[in-house]
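[1] I would like to see how this sequence folds:
(chains A, B, C and D)
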Protein chains: 2
Amino acid sequence: MSERIPERGKRGPRPRRAVTLRVIAREAGVSASTVSRIINGTVKVSDELKSAVEAAITKHDFRPDAAARGLALGRTLTIGVLSQAIDSPFYAEGLRGVERRLLEAGYAALFMSGNWNEVDEERCLREFIDRGVDGIIMFSGRLGDAAVKEFAKRVPVVVTGRSLRAAHTYSLPIDDRRGALLAMRHLIGIGHRRIAFIAGSENHPDALERLAGYQAALGEAGIPFDPRRVASGDWHEEGGLLATSRLLESGVDFTAIFCVNDQTAYGAYLALFRKGLNVPKDVSVVGFDDLPASSYSLPPLTCVRQSVRTLGERAAEAVLALIAGRRPRIDSPPVEIVVRDSTRRI
Amino acid sequence: MSERIPERGKRGPRPRRAVTLRVIAREAGVSASTVSRIINGTVKVSDELKSAVEAAITKHDFRPDAAARGLALGRTLTIGVLSQAIDSPFYAEGLRGVERRLLEAGYAALFMSGNWNEVDEERCLREFIDRGVDGIIMFSGRLGDAAVKEFAKRVPVVVTGRSLRAAHTYSLPIDDRRGALLAMRHLIGIGHRRIAFIAGSENHPDALERLAGYQAALGEAGIPFDPRRVASGDWHEEGGLLATSRLLESGVDFTAIFCVNDQTAYGAYLALFRKGLNVPKDVSVVGFDDLPASSYSLPPLTCVRQSVRTLGERAAEAVLALIAGRRPRIDSPPVEIVVRDSTRRI
DNA sequence: GCACCATCAGAAACCGGTTTCAGACCGGCC
DNA sequence: GGCCGGTCTGAAACCGGTTTCTGATGGTGC
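    Model (predicted):
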């Protein structure tokens, strides 16, 4: 009855765990091994010992130390999850999906942000390895495939937004090109022919694929590609705002804008609003992602939906499968067009 | 030259670490203790041994196992961070701030979501304890103060959004009442007298404080409080949408709406938009939080700013101080009004 | 030249679990 | 009654680090 938490801050060595497995063992009059076996159910133990131990466990509210267990077992029940920014609404959705699935499986997630920066990404991944994570999930990211494969030698890695074939690796690519095609077909289908495109940052593979889809759709419809209708953004609201302003000032005409992602579209909205232009009356706008906020933008945004949350869930499933030694058979969630109020027939 | 990663998945026991401290020691011809001392710089070691060991370390790219180190040291350089939902733009900002500060200090964050649910919150906190975190940061949350204090016996706890005095505990309260007062004074100052309020969920302390601020401001201005002008929401867009619709249909008149938070305001925006009402021409709207998206809403939202990111940074500083045994002297970031385009003088 | 002290390195114990290995005990069978 | 086999338990080793404790070495002072 007198277990006290070890004194804190009172000089002396670091605070240590008050009640350990050996304490329980002593109290129940058994050996440490027996307690361990009962907790994990690895070996049959007689009922009387079991109940004595269980009584001691509940009495002290004992729960084994995860670090010690991780050390002994060689696994930590932790997955390292690398996104680019924890406060980006896009990644946040994905993280949510990951979190949920991992929780169900008894795993915890160690989230870190790569800041769209190769160096930071590599630092995070190293940190994951050092902390002995059992697997890694990587949301997009700039880090080269070779580096990723190197990490995959240590621990299973699931990547989204790219294709990568290597041992202990699984990819959930995003069909950017098809998504862009769907968006453009929607616009073309409702009569638009002069369609501007606000791209992501120049060197980004997703951005290039979406641009390729934009061009392919124009080709399909026999509309000539006019580079003056392409402005580059930065995947964020601000880039969308600036790009749209530039387009408007440049004098090229367009009846619709396809934005590389929803956040860019929000920026475009604001630029149009400031010029007194109405969406969709004067300009139709299409986004890409279907962030939760897009249902509440004014007007609600027509966009290509890729369920990032589902993507996160599937990434979690895939990494768990890899850990279990199974080969995942999991597809990326499909892209589809969600028509709301930001586009209109002309 | 022949270190191989232990075979994975090939039956046999779990994959284990290929290169350990003892491997380095053997290679450099010294004892394990010496390697440890060199890595941590705890004791002076002769230069020649040091360089031999360092050579071996870089050759094998050795980095000590965090779990083992954590076990030996009794600390994990990990902070448990409990928010309510990782994909909420509000908490995401805070987590970002936490992440940044912790990273600077060499700590990692274990993020978990409490889902506005006492049971989940407690489960998360227990998980933190089991995993041996060195400290806990808790963003708002429904868990009772008594339970929080219980956890604080095991490990330092920093809470935001509430006041709590206990050992190994630090609070960063949010001045909800003052924030609400600022919002209301702004509206009243530009001529509004019939001001609706969309509250958060009924039993939430922050919601109650903001309501109190709303009432206090009315009192200051000698405006009678009319409960028909208060509608309850759920802190999310949907609640704002529904509450605003109810207000509009109820027939009570108002020239402005003060929303308990920005997300509620976004919902209000959409409800007004659907009714063909213009913000701010027909109705002025004020939010609370100043989420990043509020700069890009249409029109950009006037709101009370509380820098959640700063709050997160300060929470991180506070928990680090507690861990170091220092008593933090850190204030919550101030609330202030940010006037944009959603309010106008009448 | 010898005693003494400071400095540095290694052996061993430890952190808190898990697991191997060996032994105790029991029952069944010849 | 003795032998065999199966079941259950405990002692000890192990995971990969850190730290205490002890011993060796070299330098200094007298």
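
[2] So what's the gap between stretch A:156-165 and the chain middle?
    Its chain's average C-alpha position is 12 Å from that of stretch A:156-165, according to Cα atoms, centre = their mean, to the nearest Å.

[3] So for that stretch, mean pLDDT?
    Stretch A:156-165 carries an average pLDDT of 94.

[4] Then stretch A:279-297?
    The average pLDDT within stretch A:279-297 is 97.

[5] How about stretch A:306-326?
    For stretch A:306-326, the per-residue pLDDT averages 96.

[6] Next, the buried residues of that stretch.
    Using 16 or more other Cβ atoms under 10 Å in any protein chain shown as the test for burial, stretch A:306-326 gives A:306-323. The C-beta positions use only the backbone N, C-alpha and C, and glycine is treated the same way.

[7] Can you dump the C-alpha atoms of it in CSV for me?
    Backbone C-alpha positions of stretch A:306-326 (Å, rounded to 0.1, in the frame of the first residue of the first chain) are rendered in CSV as follows:
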residue,chain,number,x,y,z
GLN,A,306,-8.7,12.1,-53.8
SER,A,307,-9.6,10.9,-50.4
VAL,A,308,-6.4,11.6,-48.5
ARG,A,309,-7.9,10.2,-45.4
THR,A,310,-8.5,6.9,-47.2
LEU,A,311,-5.0,7.1,-48.6
GLY,A,312,-3.7,7.4,-45.1
GLU,A,313,-5.7,4.5,-43.9
ARG,A,314,-4.5,2.4,-46.7
ALA,A,315,-0.9,3.4,-46.2
ALA,A,316,-1.3,2.2,-42.6
GLU,A,317,-2.7,-1.1,-43.7
ALA,A,318,0.1,-1.5,-46.2
VAL,A,319,2.8,-0.9,-43.6
LEU,A,320,1.3,-3.3,-41.2
ALA,A,321,1.1,-5.9,-43.9
LEU,A,322,4.8,-5.4,-44.7
ILE,A,323,5.7,-5.7,-41.1
ALA,A,324,3.8,-8.9,-40.8
GLY,A,325,5.8,-10.1,-43.8
ARG,A,326,2.8,-10.1,-46.1
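
[8] and that stretch, anywhere near chain B?
    Yes - among the residues of stretch A:306-326, A:309, A:325 lie within reach of chain B under Cβ under 8 Å from any Cβ of the partner chain.

[9] Centre of the chain to that stretch, how far?
    On Cα atoms, centre = their mean, the centre of stretch A:306-326 falls 10 Å from that of its chain.

[10] State whether A:Asp341 is indeed within a helix.
    No - counting by DSSP: H, G, I helix; E, B strand; the rest coil, A:Asp341 is located in no helix; its state is coil.

[11] OK, contacts around the residue nearest to it when sequence neighbours are not counted?
    Nearest residue to A:Asp341 in three dimensions, chain neighbours excluded: A:Pro299, at 3.7 Å (Cβ to Cβ, 6 or more residues apart in numbering or on different chains). By Cβ atoms under 8 Å, 6 or more residues apart in numbering or on different chains, the contact list for A:Pro299 reads A:279-280, A:340-342, B:273.

[12] Let me have the residues you listed in a markdown table, extended by neighbour count and distance to DNA strand D.
    A markdown table is the format used below for those (neighbours: other Cβ atoms under 10 Å in any protein chain shown; distance: Cβ to the nearest atom of the strand, whole Å):
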| residue | neighbour count | distance to DNA strand D |
| --- | --- | --- |
| A:Val279 | 25 | 58 |
| A:Pro280 | 20 | 60 |
| A:Arg340 | 17 | 54 |
| A:Asp341 | 16 | 58 |
| A:Ser342 | 25 | 55 |
| B:Phe273 | 18 | 59 |
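
[13] Check these and tell me the two furthest apart.
    Across those, the longest distance by Cβ to Cβ is 13.2 Å; it joins A:Pro280 and B:Phe273.

[14] Three-state assignment for the residue in the stretch 151-300 of chain A that DNA strand C sits nearest to, please.
    DNA strand C sits closest to A:Val155 of the stretch 151-300 of chain A, with a gap of 18.8 Å, by Cβ to the nearest atom of the strand. The local conformation at A:Val155, judged by three-state DSSP, is coil.

[15] That one: neighbouring residues, count only.
    As a burial measure, A:Val155 scores 24 neighbours (other Cβ atoms under 10 Å in any protein chain shown).

[16] go on, A:Ala85?
    That count, for A:Ala85 with other Cβ under 10 Å as the rule, works out to 17.

[17] and it, what does it touch?
    A:91, A:113, A:115-116, B:96.

[18] rerun at 6 Å
    By Cβ atoms under 6 Å, 6 or more residues apart in numbering or on different chains, the contact set of A:Ala85 is A:Ser113.

[19] that's a helix at it, yeah?
    No - judged by three-state DSSP, A:Ala85 forms no part of a helix; its state is coil.

[20] so what's it scoring on pLDDT?
    pLDDT, A:Ala85: 95.

[21] How about the backbone phi and psi for it?
    phi -160, psi 120 (degrees, to the nearest 10).

[22] what does chain A put close to chain B?
    A:5, A:9, A:14, A:16, A:63, A:66-68, A:70-71, A:74, A:86-87, A:92-93, A:95-96, A:111, A:130-132, A:153, A:237, A:266, A:270, A:273, A:296, A:298, A:325 (Cβ under 6 Å from any Cβ of the partner chain).

[23] tell me the phi and psi of the residue most central in space within chain A?
    With the centre of chain A defined as its mean C-alpha position, the nearest residue by Cα atoms, centre = their mean is A:Gly94, 3.5 Å away. For A:Gly94, the backbone dihedrals (degrees, to the nearest 10) come out as phi -60, psi -40.

[24] Not counting sequence-adjacent ones, nearest residue to it?
    A:Gly312 (3.8 Å).

[25] And for A:Val252?
    Nearest non-adjacent residue to A:Val252 (Cβ to Cβ, 6+ apart): A:Arg228, at 4.7 Å.

[26] is it true that that neighbour lies in a helix?
    Yes - under three-state DSSP, A:Arg228 sits within a helix.

[27] residues near it, how many?
    12.

[28] What lies in contact with the strand or helix carrying A:Phe288?
    Following DSSP states H and E, one finds A:Phe288 within strand A:284-289. By Cβ under 6 Å, 6+ apart, the residues outside strand A:284-289 that reach it are A:90, A:179, A:183, A:256-259, A:261-262, A:265, A:268, A:279, A:301-304, A:342-344.

[29] Thought A:Asp176 was touching A:Glu209, still the case?
    Yes - between A:Glu209 and A:Asp176 a contact is recorded at 3.6 Å, counting by Cβ atoms under 6 Å.
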